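*Asks:* structure, please.
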Amino acid sequence: MNNIAGIFLNTFPKHFTYRNVTPKNINIIQKSKSVEFVNNKKTKKMAYNSELVNRVRERLSIEENIEVEEKKMFSGLSFLVNGKMCINISHDNLMCRYSAELEDEVSEKKGFLPMIMKGKQLKGYCYVEPHGFQKSDDFEYWIKICLDYNPSAKASKKSIEESRFERKAK
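*Replies:* As a prediction, this is how the structure comes out:
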């Protein structure tokens, strides 16, 4: 690496990493929670805890009469149950979808973080920090409220359109 590139790279904070550095071609990767910049091009980067994913996967596998699909979304991995978003793993947190009627009860649980979109709290959705589901009873609570709500949850427009298409194809 020559001195120009070395001086240039020393000006970046520690959360930047780099590769293939030359004066003409400086590839910089800015690490963030869900976005990666390579050569100034923004690309999605999925970040989730694979151990937590396996824990959720194992738990959902014992449920009867449900169809589970895994889909990368919300900067993590979502578990769709019967075509509807049920649980998401984002970094080390769970993102749960539950009945808005449980909001007061759920907000008292340890690890609860409200889900804020466009400056407003989304009722029926929350994040749960790891200390809120480390114990198996706590983990089971979160999974159970998500699964209990799933049959009455609204499917996304895209999911509804896909099911219409599948029915027409039959």
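*Asks:* so what does Lys109 look like in phi/psi?
*Replies:* Dihedral pair for Lys109: phi -70, psi 150, per degrees, to the nearest 10.
*Asks:* what do you get for the one 4 residues further on?
*Replies:* For Leu113, the backbone dihedrals (degrees, to the nearest 10) come out as phi -130, psi 130.
*Asks:* can you give me the helices in the chain?
*Replies:* For the chain, the helices defined by DSSP state H occupy 3-10, 50-61, 103-107, 136-149, 157-169.
*Asks:* doesn't Asn49 make contact with Asp92?
*Replies:* Yes - Asp92 lies in contact with Asn49 (CB atoms under 8 Å); the separation is 4.8 Å. Every residue, glycine included, has its C-beta placed from N, CA and C.
*Asks:* output the lowest mean pLDDT helix or strand found in the protein.
*Replies:* The weakest-scoring helix or strand in the chain, judged by mean pLDDT, DSSP states H and E, is strand 27-31 (a mean of 34).
*Asks:* any weak-confidence spans in the protein?
*Replies:* For the chain, the stretches with pLDDT under 70 are 1-46, 157-170.
*Asks:* one more time with 90
*Replies:* Along the chain, the parts satisfying pLDDT under 90 run over 1-48, 73-75, 154-170.
*Asks:* can you check which strand is longest in it?
*Replies:* In the chain, assigned by DSSP state E, the strand with the most residues is strand 120-128.
*Asks:* count the neighbours of the nearest residue to Glu129 once chain neighbours are set aside for me.
*Replies:* Counting by CB to CB, 6 or more residues apart in numbering, Gly111 is the residue found nearest to Glu129 once chain neighbours are left out, at 4.1 Å. Neighbours of Gly111 under the rule other CB atoms under 10 Å: 17.
*Asks:* tell me how far Gly111 lies from Met117.
*Replies:* The gap separating Gly111 from Met117 is 20 Å, by CB to CB, to the nearest Å.
*Asks:* one step back: give me the phi and psi angles of the residue nearest to Glu129.
*Replies:* Dihedral pair for Gly111: phi 90, psi -10, per degrees, to the nearest 10.
*Asks:* hey, what's the closest residue to Lys154 other than its chain neighbours bridged with?
*Replies:* Nearest residue to Lys154, sequence neighbours excluded (CB to CB, 6+ apart): Lys84, at 7.4 Å. Note on Lys84: beta-bridge partners by DSSP bridges are Val81.
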